[in-house]
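Trainee: fold the stuff below for me.
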Amino acid sequence: MKAAEIKPYLEEKYAFLSGAIDKKGYLIITFPSSASIEKLSSEDLKKLLIYLASINSSNGDPRFTFIVDMRQRTWENCKHIFKVLQEQFPYKIEHVYIVKPDGFWDKHKISLGMSKYTFEV
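Mentor: Presented below is the predicted three-dimensional model:
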């Protein structure tokens, strides 16, 4: 896949590789709070993530750490991201971290829904 195919998604920064790595050396893919991820279909989000993952294709270990900034998002937006990660990248996920506003977990009874993901949140 070429960057030109997903240029609008890259320009909007729905998700991006900053070049940062975690403690184990895995690249970090970030979903910033400023991006309106709900505007992307699941298929378009998959394309974006496939492209970002392909940038790391020269590395021997294709796993990633994901950061999802929830400060300006709803739980539905987060579920959309998790669903695509689960379907597209089940073996490429090292960690998923959520940056959340205070009281986020208190407002939502989401712990029951978290068990359906194969990665730890």
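Trainee: just the helices in the protein please.
Mentor: 7-12, 42-55, 75-88, 104-107, 111-114 (DSSP state H).
Trainee: show the pLDDT at Asp69.
Mentor: Listed pLDDT for Asp69 reads 89.
Trainee: that one reaches Val99, doesn't it?
Mentor: Yes - if you go by C-beta atoms under 8 Å, Asp69 and Val99 touch, sitting 4.4 Å apart. Heads up, the C-betas are built off the backbone N, CA and C, glycines and all.
Trainee: overlap in contacts, the two.
Mentor: Shared contacts of Asp69 and Val99 (C-beta atoms under 8 Å, 6 or more residues apart in numbering): Ser33.
Trainee: with neighbour numbers in mind, choose between the two.
Mentor: Set side by side, Asp69 and Val99 show more neighbours around Asp69, with 18 against 15, by other C-beta atoms under 10 Å.
Trainee: what's the nearest residue to the more buried one if we skip its chain neighbours?
Mentor: Of all residues not flanking Asp69 in the chain, Ser33 sits nearest, at 3.9 Å (C-beta to C-beta, 6 or more residues apart in numbering).
Trainee: please apply the same query to Ser34.
Mentor: Going by C-beta to C-beta, 6+ apart, Ser34 has Gln72 as its nearest residue, at 6.9 Å.
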